[in-house]
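Chemist: With the sequence up front, the predicted model follows.
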There are 2 protein chains.
Amino acid sequence: MVTRIGALEQQLWDFVSAYDAAFDRASEDNGLSAAQACTLTPLTGEKHTMSELAGLLLCDASNVTQIVGRLETRGLVSRTPDPADRRVKQVAITPDGRRLRRAVAKSFTFPRERVARLDDDEQEQLAHLLAKMLS
Amino acid sequence: MVTRIGALEQQLWDFVSAYDAAFDRASEDNGLSAAQACTLTPLTGEKHTMSELAGLLLCDASNVTQIVGRLETRGLVSRTPDPADRRVKQVAITPDGRRLRRAVAKSFTFPRERVARLDDDEQEQLAHLLAKMLS
DNA sequence: CCAAATGCTTGATTGGATAAAGTATCGGGA
DNA sequence: TCCCGATACTTTATCCAATCAAGCATTTGG
């Protein structure tokens, strides 16, 4: 029994590879690693804790410590102790961080460009198929 | 002007994230890093050169030297000088390498499972949409 | 025959990821 | 109140991935 990869699976691999490569480029074009860009992405106006970020990024808390440390050094996020519970650090994106995050999003043209190749009906189809595969 | 992310773009991000995470897990469940699994993947019965792999993996040749070195240490690939041009190294996957690669493919159930949620018509639709976005 | 180009490796540095151990703080019982 | 365990984060160590610059061996072309 040979695990033969179907054409659809191959297309998925190719699409994901291209998507990932494009995100890497968008990040590095703006002086960030992909991991740093991913860390910046989910930060809202709210404060976030280190563990919350670790949960979102699916990684260890000590990893977040390092990445947030580098982002903080560059003034892209702030890290302040929570007055209510001094074990907790509140992480917030700074105006500079917001600007850079927007620049990365602007550079990351891949999804926009590729989705734009589909007409309205096809976009709706794709949304439906993705919803089914993600549910 | 705010770059508001459309729902479809968000779905793409979510799908790609899940896909990547699943591939990481499949690799690490078999004792490989994602980069090592990616290096093993394209090796056919043919011999491959280091530069060829660097081209496929979109990375530096010296990076390939390291990764292939680790794979060779574990007996998953062989690296022999090309008799016709002794600058060139011929990289080939070993039987052990093949076995492990198949194990990774087997562990990487994500694409199979998710595609299986679509009926035949939908799979055909998806293939069409991906082809359009990849062309 | 030699100079430039090619193919790969080495060495150095940076960053990401994980695990184990450590610190500080909080919270709930005895 | 005093601890003890749990929680939140950091530190340290280690490994791997990635890139760059430099280097070596070999090949190729003038």
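Modeler: On my side now, so go ahead.

Chemist: Please list the residues of chain A that sit near chain B.
Modeler: Within reach of chain B by Cβ under 8 Å from any Cβ of the partner chain, chain A has these residues: A:3, A:5-9, A:11-16, A:18-21, A:58, A:102, A:105-106, A:111-112, A:114-115, A:117-118, A:122-123, A:125-127, A:129-135. Every residue, glycine included, has its C-beta placed from N, CA and C.

Chemist: List only buried entries from those.
Modeler: In the residues of chain A next to chain B, burial by neighbour count holds for A:8-9, A:11-13, A:15-16, A:19, A:105, A:111, A:114-115, A:118, A:122-123, A:125-127, A:129-130, A:133, counting by 16 or more other Cβ atoms under 10 Å in any protein chain shown.

Chemist: Which of these fall within helices?
Modeler: When those are checked against helices (DSSP state H), the matches are A:8-9, A:11-13, A:15-16, A:19, A:105, A:111, A:114-115, A:122-123, A:125-127, A:129-130, A:133.

Chemist: how close does the residue most central in space within chain A get to DNA strand C?
Modeler: What sits nearest the mean C-alpha location of chain A, by Cα atoms, centre = their mean, is A:C38, with 3.4 Å. Distance of A:C38 to DNA strand C, given as Cβ to the nearest atom of the strand, to the nearest Å: 8 Å.

Chemist: Next: A:T80.
Modeler: Remark: distance between A:T80 and DNA strand C (Cβ to the nearest atom of the strand) = 14 Å.

Chemist: Could you do A:Q36 as well?
Modeler: Going from A:Q36 to DNA strand C by Cβ to the nearest atom of the strand gives 4 Å.
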